[in-house]
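1. task: produce atomic coordinates for the following.
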Amino acid sequence: MNRSETSGYKQRTYKKTEEPSSRTKKTDTKESAVKKMDERKSAAKKTDTRKSYVQKGDVKNQSGRKGVIRTDKGRSNTEQKGNASKEKAPCPVAKRCGGCQLLHMSYEQQCKLKQEEVNKLLEPFGKVEALRKMKDPMHYRHKVHAVFDRDRKGNPISGVYEAGTHRVVPVDHCLIENELADDIIVTIRGMLKSFKIKTYDEDTEYGLLRHVLVRVGRTTGQVMVILVLASPILPSKNNFVKALRSKHPEISTVILNVNEKRTSMVLGERNITLFGKGSIEDQLCGKKFVISPSSFFQVNPEQTEVLYNEAIKLARLTGKERVIDAYCGIGTIGILASDHAKEVIGVELNADAIRDAAVNAKKNESKNIRFYTADAGEMMTAMAEKGEKADVVFMDPPRSGSTESFMDAVTKLAPSRVVYVSCSPETLARDLLYFSSKGYLVKKMIPVDMFPWTLHTECCVLLERSNL
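-> A predicted model of the protein is given here:
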């Protein structure tokens, strides 16, 4: 079950300042995998005005020879198998939750199907390497989200939205979620009556507690608890936090997030720290990172290390390169690359993420990296117009993939290598086709199983400019 100097833009450096969901609303229908895959492919078609990857077209592979993107009107193996009956699934709410579409299959079976699906999508560009599997694919989600509601008797419940609805399916423990995080959520639910805290009702807009998010640091063990309330007032807040920590002393910080809007968004814009620093730290690939409530930090840190290490290796950095980390978030990939490059520029539109990135650079003593709050595509275009160059561009776009304008900006800057980190093989195939039309060859493709028991597969791909 399945419980984010160079061109005149605002710069923030390490000297100036001290990246599929958990128990979120499920948009899958009860038919699960089939519609989900269809929606993912529709997303690929709708981004900008580009032709979808499913249309026929020429593409160059590793050898520079042309191949063809085939039109496939049939369903993929993953779609068909993912839509199979979940009667044998080892989870009592697998059908109603819909988050783990492959829970009825063995891990080896689902890995085989994911490999076949990625091969099918990406084979026009060359050979796809073997899927990087998880050693232990259980309880891998280190960020857990629970929605709160009441049952017919008025008792508080917590869990996930039933697939395609806003009905809450009560869940105490999930096979893919961190067990401590689950325990903390159950503890909070058990405290509500004694503290006279009502759960929020979406229809009447009455009540206080909407969601609880728990983030557990894989290497540090630090724990962040976020209480999402419909009001900034939590009655007896000090006593509530004290009682919670008496049962879970491992909690490092407790944050009240205010979400007063009638919205499907989980987090509001205002955070109030009730206990601790208001953030936690964790490590990734030997680097330290500060994680705040709104930070994008991958939920599966074990496989994230696999993915990012592969991406850094694909870049073939020698210490002489100028690198751009587009969609940089809190600076994870850029900070990892800074050990192997001459200069790194991180670009991100989210100002909060850039602040976190600057803190993380300072914490890791990464002195050759600068961060800018800007649109990465616009910034690269401006750099190209000024005659500036970059040797390597890392790009890690959202599930909807990149845009033509962004990829045009990359090709104007003309780096010798592009490392594309993707969370959707469908939109990746579409974007590789576009890069191919701009003179870039796909040299290597590595799929990584970031989300076992689900349909999702991450990939990292190396592209090289063909006219070198």
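2. residue ranges for the helices of the stretch 251-400 of the chain, please.
-> 301-315, 332-338, 351-363, 376-385 (DSSP state H, counting those that start in this stretch).
3. give me the buried positions along the first one.
-> Meaning helix 301-315. Buried positions in helix 301-315, judged by neighbour count with 16 or more other C-beta atoms under 10 Å: 301-308, 310-312, 314-315. For the C-beta atoms, the positions are set from N, CA and C on the backbone; glycine is no exception.
4. end-to-end on stretch 93-109?
-> Start and end residues of stretch 93-109 are separated by 21 Å (C-alpha to C-alpha, to the nearest Å).
5. sort out which residues of that stretch are buried, please.
-> Buried, per 16+ other C-beta under 10 Å, within stretch 93-109: 93-105, 107.
6. ok, stretch 384-397 next?
-> 384, 390, 391, 392, 393, 394, 395, 396, 397.
7. repeat for stretch 349-364
-> Across stretch 349-364, burial judged by 16+ other C-beta under 10 Å covers 350, 353-364.
8. about what we covered before: redo the helices of the stretch 251-400 of the chain as CSV? Include distance to residue 252 and mean pLDDT.
-> Below are the helices of the stretch 251-400 of the chain laid out as CSV (distance: least, C-beta to C-beta, whole Å; pLDDT from 0 to 100):
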stretch, distance to residue 252, mean pLDDT
helix 301-315, 16, 97
helix 332-338, 20, 97
helix 351-363, 16, 93
helix 376-385, 33, 94
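9. contacts only, for residue 227.
-> By C-beta atoms under 8 Å, 6 or more residues apart in numbering, the contact list for residue 227 reads 188, 209, 212, 234, 254, 255, 256, 257, 274.
10. mind doing that once more with 7 Å?
-> Residues in contact with residue 227 (C-beta atoms under 7 Å, 6 or more residues apart in numbering) are 209, 212, 256, 257.
11. quick one on the thing from earlier: and of the helices of the stretch 251-400 of the chain, who's closest to residue 132?
-> helix 301-315 (5.1 Å; C-beta to C-beta).
12. returning to that earlier point: which of the buried residues of stretch 93-109 lies closest to residue 373?
-> residue 99 (33.9 Å).
13. pLDDT score assigned to that closest one?
-> pLDDT, residue 99: 87.
14. when you give positions from now on, start the count at 147
-> Taking 147 as the first residue, the last one we looked at is residue 245.
15. assumed it was part of a strand.
-> No: with DSSP: H, G, I helix; E, B strand; the rest coil as the criterion, residue 245 is coil rather than part of a strand.
16. domain-wise, how is this structure divided?
-> Domain ranges of the chain: 147-167+177-238+245-284+446-614, 289-430, per automatic domain parsing.
17. deepest of the ones you listed, which one?
-> Among the domains of the chain, domain 147-167+177-238+245-284+446-614 has the highest mean neighbour count (mean count of other C-beta atoms under 10 Å), at a mean of 19.
18. pull the distance from that domain to the chain's centre.
-> Its chain's average C-alpha position is 11 Å from that of domain 147-167+177-238+245-284+446-614, according to C-alpha atoms, centre = their mean, to the nearest Å.
19. and stretch 348-361, end to end?
-> Start and end residues of stretch 348-361 are separated by 25 Å (C-alpha to C-alpha).
20. avg pLDDT for that stretch?
-> Mean predicted lDDT for stretch 348-361 stands at 93.
21. can you list contacts of that stretch?
-> 288-294, 312, 327, 330-331, 334, 338, 343-347, 369-377, 405, 408, 412, 426, 437.
22. so which of these belong to strands?
-> Those of the contacts of stretch 348-361 mapping onto strands are 289-294, 369-375, 426, 437, per DSSP state E.
23. would you confirm that residue 402 contacts residue 416?
-> No: Residue 402 is beyond contact range of residue 416, at 8.7 Å (criterion: C-beta atoms under 7 Å).
24. which one of the helices of the stretch 397-546 of the chain lies nearest to residue 271?
-> helix 447-461 (14.3 Å).
25. report the secondary structure state of residue 593.
-> The three-state label given to residue 593 by three-state DSSP is strand.
26. can you pull up the bridge partners for it?
-> Beta-bridge partners for residue 593, by DSSP bridges, are residue 605.
27. go through the domains of the chain and find the least confident stretch.
-> domain 147-167+177-238+245-284+446-614 (a mean of 81).
28. and the residue in the chain sticking out farthest from the centre, what element?
-> Taking C-alpha atoms, centre = their mean, the residue of the chain most remote from its mean C-alpha position is residue 299, at 36.8 Å. Using DSSP states H and E, residue 299 falls within no helix or strand.
29. for it, give its distance to residue 570.
-> Going from residue 299 to residue 570 by C-beta to C-beta, to the nearest Å gives 42 Å.
30. could you do residue 591 as well?
-> Plainly put, residue 591 is 14 Å away from residue 570 if you go by C-beta to C-beta.
31. repeat that for residue 319.
-> Taking C-beta to C-beta, one finds residue 319 at 29 Å from residue 570.
32. for the contacts of residue 373, which one is nearest residue 480?
-> Using C-beta to C-beta, residue 403 comes nearest to residue 480 of the contacts of residue 373, at 27.4 Å.
33. doesn't residue 415 make contact with the closest one?
-> No: judged on C-beta under 7 Å, residue 403 makes no contact with residue 415 at a distance of 8.7 Å.
34. spit out the contact partners of residue 365.
-> By C-beta under 7 Å, 6+ apart, the residues touching residue 365 are 428, 429.
35. that one - that's part of a strand, no?
-> No: Residue 365 is assigned coil when assessed by three-state DSSP, not a strand.
36. now do it against residue 451, distance only.
-> 10 Å.
37. now swap in residue 343 and tell me
-> For residue 343, the distance to residue 451 - C-beta to C-beta - is 38 Å.
38. swap in residue 411?
-> Going from residue 411 to residue 451 by C-beta to C-beta gives 29 Å.
39. hang on, the earlier thing: of all the helices of the stretch 397-546 of the chain, which one is nearest residue 608?
-> Here helix 447-461 is closest among these (C-beta to C-beta), at 4.1 Å.
40. contact partners of the closest one?
-> Taking C-beta under 7 Å, 6+ apart as the rule, helix 447-461 contacts 165, 278, 280, 286, 288, 364, 428, 430-431, 444, 478-479, 482-483, 486, 538, 540, 563, 565, 567, 590, 592, 594-596, 604, 606, 608.
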